[in-house]
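**Q** Turn this into a structure:
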Amino acid sequence: MYEESQVKGKKITVVGAGVSGRALAELAAKLGAAVFVSEAKELSEETRKAFESAGISCECGGNTERALDADEIVVSSGISPKAPIVAEALRRGMKVTGELDFVNPYLSGIVIGVTGSNGKTTTTSMIGYFLEKLGYSVMTGGNIGNAVAHAAGRDYDFIVLELSSFQLYWAREFMCDLAIVTNLAPDHIDWHGSYENYVASKANLINCLAPGGAAIYQKRDEDALHIKEGVERFPLSWHEDDPHERGIYLDEGVGAAWINGGGCRMKRRLFLFGDVKLLGKHNLENAAMAAGALAIFNTRELTPELIGSFVPPKHRCAFAGKLRGVTFVDDSKGTNVAASVTAMTSLPGTKVMILGGQGKGEEYGPLAEAVKQNARAAVILGTEKEKIASALSVAGFENYRLVRSMEEAVRSAWKLAQEGDTVLLSPACTSWDMYTSYKARGEDFCRVVEDIIKTEG
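**A** Coordinates of the predicted model:
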C-alpha cells in the first residue's frame, strides 16, 4: 500500500492535531510524505514526542504562513473552511482535502457510514458490537474516538464509521457501501451557518455511496436528503404503509421491528422490543437501524441474547440511579434541542429536567414546548440559562429554577421530583462553558446522584 501511495514525496500540511489530525499526520508520514502539522492550540507532550519519532514537523499556538508551504492541505475533523489558514489556502487555489477523502484510497472492507443529529454513536457502537460478536473482523471508529486513519492499510470485513457533519462537509471522493442517517434536526448552526447547510452536509453521506449502495434513514427525512436514483432505500417508520415496499418498520402493536426487502416474502423480523435493554423509544429506532444494517448484508442472524447484551455508551439516556421511586437518567450527550426533546418524549412518565450549558445558536422555543408537555419542573444552569428561562416563560411554563452548579442542579431537581418522576439531565447545550466534555458533565451528575442516594437512601 505504502509503495503505491498517492502522496509519496509530496509536502503535506495537516491542520489540527487532535485525535484525527494526529492519525492523519502519522498516516501521511507512513505514506512517504514530508509532513507538517499546524495546530492552533498547544500540543500535549505525548503528541509532540510521537511527531518527533515519526519525523513530523509541527507548529502550535497558532497557524502561520509556514502551513501554506505545501503541495496539499489536509484538514482534520472539525476544521472549518472559514478557519483563516484554510480560507487562505482555498483563496490561493491550493488543494485542500478532508479527512475522509485522504484516507479513502487505503480502506479495505465493507464501509458503513453512520451520521445524524442524534443517536449516531449508539447506532455505530451497536453495529460494531454485533458484528464483532458474530465473528467478523471490524474497525469501529470515526467521530466515535478511533480515528478513520487508523483503519488505513488493514484488511477488515467491515469498517463502521460514525461521521460528523464537519467530516462530511469535506467529502468528495470518500465511498461507503451503506449510509445510515439516524435523524435530522437543527445542530451546529454556528459552524455551518444555516440549517440548510447542515442538512446538506449530512445528506452528503448518501452522495458518497458506491454503485449499488443502500441507505437507511427516517422516512420523514426523505425529501430533505434528496436521494439520487439507484440507491436502495430502507426508510424507517413506525407503521407499514405497503407490505411490498422496502423499509424498516417498528410495530408497536406486536412490539417488534421488521425489515422488508421489497418483494414477496421478503419481510423479516429483526427483534422484539423486549430484547433491547436500552431506555427510550428512540433507542428502538437506533437498534432497528443497526439490526437492519446487518440484515442488508445477510450476516449471521442476531439472537435476542446478543441484542440484549449490548451496553450503550455512557451519558446517552443511561440509568444513573433510583431513590424513593425517583429515577435519575444521565443524557449529558443531549447537546442540542432535538436530542433533549427526544429524550423527554421517549422516556415514560413525568420529568424534572436539568437544562443548560453553552449554546449552538439554536432557538429554545421547541424545547420549552416539550418541557411544558412533559416536565413537572426544570432546573437551568450555564451560560444559556437566561435564554432558556425566557423561552420557558414565553411558553407559559414558570416552574423553573436558575442554579450555578451541577451540585445545586441535581439537589434542586431531587427536591422538586415526586415519586414516579425521572430526573433527566439532557441539557440541550454543549458542556464547554463549565466542563471539558459532555462526559465530564455526565460524570459530575452521576457523582451527585450517587452521593444523594448514599446520604438519603
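
**Q** ok, how many other residues are close to Gly253?
**A** Counted with other CB atoms under 10 Å, residues neighbouring Gly253 total 6. (Glycine included, C-beta is placed from N, CA and C.)

**Q** mind checking how far it is from Asn204?
**A** 36 Å (CB to CB, to the nearest Å).

**Q** The worst-scoring helix or strand of the chain on mean pLDDT packs against which elements?
**A** When each helix and strand of the chain is scored by mean pLDDT, DSSP states H and E, helix 189-192 comes last, with a mean of 75. Judged by 3 or more CB pairs under 8 Å, 6 or more residues apart in numbering; DSSP states H and E, helix 189-192 is in contact with helix 165-169, helix 195-207.

**Q** Just the buried residues of the longest helix along the chain, please?
**A** Counting by DSSP state H, the longest helix found in the chain is helix 438-456. Residues of helix 438-456 classed as buried by neighbour count (16 or more other CB atoms under 10 Å): 438, 441-446, 448-449, 452-453.

**Q** Ok, stretch 400-409 next?
**A** For stretch 400-409, by 16+ other CB under 10 Å, it's 400-403, 406, 409.

**Q** With stretch 179-190 instead?
**A** Per 16+ other CB under 10 Å, stretch 179-190 contains these buried residues: 179-189.

**Q** what's the span of it, first residue to last?
**A** Chord length of stretch 179-190, first to last residue, is 25 Å (CA to CA, to the nearest Å).

**Q** from the middle of its chain, how far away would that stretch be?
**A** Centre-to-centre, stretch 179-190 and its host chain are 9 Å apart (CA atoms, centre = their mean, to the nearest Å).

**Q** what does stretch 251-269 give?
**A** 27 Å.

**Q** Also stretch 371-380?
**A** Centre to centre, stretch against its chain (CA atoms, centre = their mean), the figure for stretch 371-380 is 25 Å.

**Q** And the buried residues of stretch 179-190, which is closest to Ala370?
**A** Ala185 (12.2 Å; CB to CB).

**Q** which parts of stretch 247-260 are buried?
**A** Buried residues in stretch 247-260 (16+ other CB under 10 Å): 247-250, 256-260.

**Q** Touching, Gly135 and Phe158? I think so.
**A** No - counting by CB atoms under 8 Å, Gly135 stays clear of Phe158, with 11.4 Å between them.

**Q** circling back: any chance of CSV for the helices and strands packed on helix 189-192, columns mean neighbour count and mean pLDDT?
**A** Listed next are the helices and strands packed on helix 189-192 as CSV, based on neighbours: other CB atoms under 10 Å; pLDDT from 0 to 100:
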stretch, mean neighbour count, mean pLDDT
helix 165-169, 24, 93
helix 195-207, 20, 92
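
**Q** To Val276, which of the ones you listed lies closest?
**A** Of these, nearest to Val276 by CB to CB is helix 195-207, at 24.8 Å.

**Q** and the closest one, what other elements does it pack with?
**A** Using 3+ CB pairs under 8 Å, 6+ apart: helix 195-207 touches strand 108-115, helix 165-169, strand 176-181, helix 189-192, helix 222-225.

**Q** any chance of those in JSON lines, plus distance to Cys60?
**A** Shown next, in JSON lines, are the helices and strands packed on helix 195-207 (distance: least, CB to CB, whole Å):
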{"stretch": "strand 108-115", "distance to Cys60": "30"}
{"stretch": "helix 165-169", "distance to Cys60": "21"}
{"stretch": "strand 176-181", "distance to Cys60": "33"}
{"stretch": "helix 189-192", "distance to Cys60": "22"}
{"stretch": "helix 222-225", "distance to Cys60": "39"}
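
**Q** so where's the stretch 51-200 of the chain shaky on pLDDT?
**A** Counting by pLDDT under 70, the stretch 51-200 of the chain shows no low-confidence range.

**Q** Spell out the residue ranges of the helices in the stretch 1-150 of the chain.
**A** 19-30, 45-53, 84-91, 99-103, 120-133 (DSSP state H, counting those that start in this stretch).

**Q** Can you add mean neighbour count and distance to Met353 and give those helices back as JSON lines?
**A** Converted to JSON lines, the helices of the stretch 1-150 of the chain look like this (neighbours: other CB atoms under 10 Å; distance: least, CB to CB, whole Å):
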{"stretch": "helix 19-30", "mean neighbour count": "25", "distance to Met353": "32"}
{"stretch": "helix 45-53", "mean neighbour count": "14", "distance to Met353": "39"}
{"stretch": "helix 84-91", "mean neighbour count": "16", "distance to Met353": "38"}
{"stretch": "helix 99-103", "mean neighbour count": "26", "distance to Met353": "36"}
{"stretch": "helix 120-133", "mean neighbour count": "24", "distance to Met353": "21"}
